[in-house]
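Novice: Sequence plus the predicted model coming up.
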Amino acid sequence: MQSSGAGRWPVLDRGSALARTAEAGWPIVQQTAAAAVAWVIAVAVVDQDTPFFAPIAAVVGLNATLGRRGSNAVRLLVGVVVGIVVGELAVAVAGGGLWTLTAATLVAMVVAQLVDGARIVMAQAAVAAILITAFGNPAEGVYRLLEALIGGGVALVFSQLVFAPEPLRLLRRAETAVLTVLADGLRLTADALEHDDPAPADQALTELRGLRDRLADLSTMRKASDRIVRHSATWRSRRAPVVRERESADQLDLLAGSCLMLTRTAMATRPEQRTSLGPVVRQLSEAVAALAEQPGDRPARQRAAEHALELARWVIQHGAAVEVQSPMAAACAAVRRVAIDVMVFAGVEPAQALGAVDAAVRVQVADPPQAPRMRWPWHRSRAGRAGSQRAVPGSSSGGSRPVEPAG
């Protein structure tokens, strides 16, 4: 939201609104399809012409964040059962009426709070109790339970089997967003150094400081991936690759801080020193950009790690003559730190990355986590497309050697 002036109504940011709508488009389609399927099943199973609660239960069950849709559907069923039991008992003891409805609603919500405490459980318990006491028909509870079972079952099938979320894909999409901003920030820094122009550096600092939103999104995806492997029937037994990728994603927080420090220290050097730093920073930006394009590709990670290692070694060799505690020494240390963080994110063990910078040894990245093969045809086809994009083993060292910076 943006303010259009004092005393005026805020104006909706169309760009952000469209982005949110586009992002929510696929879940909305899933909920719509689930509602239609639940209605068709309920019409065939329940002896009613308008089984309205089955599609409602399906939509409510899927109306949760990633990793929580399955548990959301189960909680919906728990709330319905609590409400039905309390409502039926209230009608049997006191009949219908306002006071019966009030007492049943209160007791249903209290019991739901004791059973689970989640808002959806309390809300569904209250709604079920209200419907039963309002209609005063004992059969209403049976219909309500059947429709809830149908809608909740459709939501479970959609969330756990048909459209099970892929935590690795979600993590890597968030990683790509962070890496893209980092690469752009380093590129702008290189422009500023090579042309001795502070304007691109200021833009780079603005972008890198604004990266906290992307990092917050990445943190959200890390938490979502943890929920998915804990609550999804499809991923519960396949959590190892997701845990590894979450640990790799944690490194991006450190890499972001290193890139920000590099931009600040590099621009504090003398003009003649900036000329030699520019090509180094540009090649770092290229290594990060390559990771952004294919964060889950092992050859791409290997090339980025080797590229970063060569730049770190160049800095050590050419920085030996730099005056200690000078801006140039701080810039060289920042380049080394960025290179090590790139290697660690790519899959090199931290101790190996630190040792390789000072020794003539070759780094070897670990195989990045890969999504396990799913049983469903659409999952297999998606995994096949991802596998066809991976290069054959042994091609990891095919990248060209970086051009040695001048000076």
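Specialist: Done, it's in. The model shown is predicted, which means the values in this text are computed figures rather than measured ones.
Novice: going forward, measure contacts between C-alpha atoms and count neighbours the same way
Specialist: Fine.
Novice: mind giving me the domain ranges of the protein?
Specialist: According to the domain assignment given by automatic domain parsing, the chain is divided into the following structural domains: 26-162, 177-388.
Novice: distance of the closest residue to L62 other than its chain neighbours from P27?
Specialist: Take L62 and drop its neighbours on the chain: the residue closest to it by CA to CA, 6 or more residues apart in numbering is R69, 5.1 Å away. Summarising the geometry, the distance separating R69 from P27, computed by CA to CA, to the nearest Å, is 11 Å.
Novice: Show me which of the two is the more surrounded one.
Specialist: Counted by other CA atoms under 10 Å, R69 and P27 do not tie: R69 has more neighbours, with 25 against 17.
Novice: Tell me the pLDDT of that one.
Specialist: Listed pLDDT for R69 reads 76.
Novice: ok, it - contacts?
Specialist: For R69, the set of contacting residues under the criterion of CA atoms under 8 Å, 6 or more residues apart in numbering consists of G61, L62, N63, A155, L156, S159.
Novice: In helices, which of those fall?
Specialist: Applying DSSP state H to these, the entries found in helices are G61, L62, A155, L156.
Novice: list the helices and strands the host helix or strand of L101 packs on?
Specialist: Assigned by DSSP states H and E, L101 belongs to helix 98-115. For helix 98-115, the helices and strands in contact under the criterion 3 or more CA pairs under 8 Å, 6 or more residues apart in numbering; DSSP states H and E are helix 69-94, helix 119-135.
Novice: Centre of the chain to the shortest one, how far?
Specialist: How far helix 119-135 lies from its chain's middle: 34 Å, per CA atoms, centre = their mean, to the nearest Å.
Novice: thinking again about what came up before, A292: which of the helices and strands packed on helix 98-115 is closest?
Specialist: Among the helices and strands packed on helix 98-115, helix 69-94 comes nearest to A292, with 29.6 Å by CA to CA.
Novice: so how far is the closest one off the chain centroid?
Specialist: A distance of 34 Å separates the C-alpha centroid of helix 69-94 from that of its chain, computed with CA atoms, centre = their mean.
Novice: Kindly calculate the angle that the helix holding L101 makes with helix 119-135.
Specialist: Computed by axes from the mean of the first three to the mean of the last three CA atoms, to 10 degrees, the angle separating helix 98-115 from helix 119-135 equals 160 degrees.
Novice: Determine the angle, from 0 to 180 degrees, between helix 98-115 and helix 69-94.
Specialist: If you take the same axes, to 10 degrees, helix 98-115 sits at 140 degrees to helix 69-94.
Novice: send the alpha carbons of helix 98-115 over as PDB?
Specialist: C-alpha atoms of helix 98-115 as PDB (Å, rounded to 0.1, in the frame of the first residue of the first chain):
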ATOM      1  CA  LEU A  98     -31.600 -19.800  21.100                       C
ATOM      2  CA  TRP A  99     -30.200 -20.900  24.500                       C
ATOM      3  CA  THR A 100     -29.500 -24.400  23.200                       C
ATOM      4  CA  LEU A 101     -27.600 -22.900  20.300                       C
ATOM      5  CA  THR A 102     -25.700 -20.600  22.600                       C
ATOM      6  CA  ALA A 103     -24.700 -23.300  25.100                       C
ATOM      7  CA  ALA A 104     -23.800 -25.800  22.300                       C
ATOM      8  CA  THR A 105     -21.600 -23.200  20.600                       C
ATOM      9  CA  LEU A 106     -19.800 -22.300  23.800                       C
ATOM     10  CA  VAL A 107     -19.200 -25.900  24.900                       C
ATOM     11  CA  ALA A 108     -18.100 -27.000  21.400                       C
ATOM     12  CA  MET A 109     -15.500 -24.200  21.300                       C
ATOM     13  CA  VAL A 110     -14.200 -25.000  24.800                       C
ATOM     14  CA  VAL A 111     -13.900 -28.700  24.000                       C
ATOM     15  CA  ALA A 112     -12.200 -27.900  20.700                       C
ATOM     16  CA  GLN A 113      -9.700 -25.700  22.600                       C
ATOM     17  CA  LEU A 114      -9.000 -28.600  25.000                       C
ATOM     18  CA  VAL A 115      -8.600 -31.100  22.100                       C
END
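Novice: buried residues in it?
Specialist: If you call a residue buried by 16 or more other CA atoms under 10 Å, then helix 98-115 has these buried ones: T100, L101, A103, A104, T105, L106, V107, A108, M109, V111, A112, Q113.
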